[in-house]
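Student: dropping the sequence and predicted coords here.
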Amino acid sequence: MSARLFFAALLMLSMAAARAQTPSPNSSKPSAPVALTPQQKSLQAVVDKVGPQLIKVATEVAELVDQNKAGDVWDHASDIAKAIVTRDIFISQVSAARASMGAVTSRKLDTVTSSVYSGQGTSGGGPIVPAGTYINVVFATQFANSPKTVHELVSFHLDPDQHWRVTGYTLR
């Protein structure tokens, strides 16, 4: 699968997750209680348990990208990511996305979301998003060369060995 499809899958993953489950930890608006489904309750428990650790790791991933070390990110990524995009393509795509942005001037946690995908649906003959449980950490980031806040998305997958590993980094 091409790098474009990989990043398109990550974007779809982030959009679906943002629609769903976990409210922003920095949300300042009071919201009415929402009845969660059993699956949403289970996912919320996962986020509550591992979210702080993944926020720390996501910050480290973003900092590696800041240092032009996208290869290190890929080296420690989930096999799902490695099966979709080669190391060289991942590095070139991440580098190209960040090249015009300039240095980070601020980075703040925006949201942490979770999703479970069945792997059903297709895009070019393959699943839109491989089956599994995902957590996305989104930062609201200011870059020196961008007048607008950019959202950095770091995605994680719960691998079969029960370790969370990076499945992607993207800007939106």
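Tutor: Looks like it arrived, so ask away.
Student: what segments of the protein are helices?
Tutor: Remark: helices assigned in the chain by DSSP state H are 3-19, 38-66, 70-75, 79-84, 87-99.
Student: how far is the last one from where the chain is centred?
Tutor: Read that as helix 87-99. Offset of helix 87-99 from its chain centre (C-alpha atoms, centre = their mean, to the nearest Å): 16 Å.
Student: in it, what counts as buried?
Tutor: Phe90, Ile91, Gln93, Val94, Ala97, Arg98 (16 or more other C-beta atoms under 10 Å). For glycine as for every other residue, the C-beta is placed from the backbone atoms N, C-alpha and C.
Student: quick check: the farthest pair among those residues?
Tutor: Among the buried residues of helix 87-99, the pair separated by the greatest distance (C-beta to C-beta) is Phe90 and Arg98, at 12.5 Å.
Student: what's the longest strand in this protein?
Tutor: strand 104-117 (DSSP state E).
Student: who does it pair up with?
Tutor: strand 132-143 (antiparallel) (DSSP bridges).
Student: just want the angle from the partner strand to helix 38-66.
Tutor: On the basis of axes from the mean of the first three to the mean of the last three C-alpha atoms, to 10 degrees, strand 132-143 is oriented at 40 degrees to helix 38-66.
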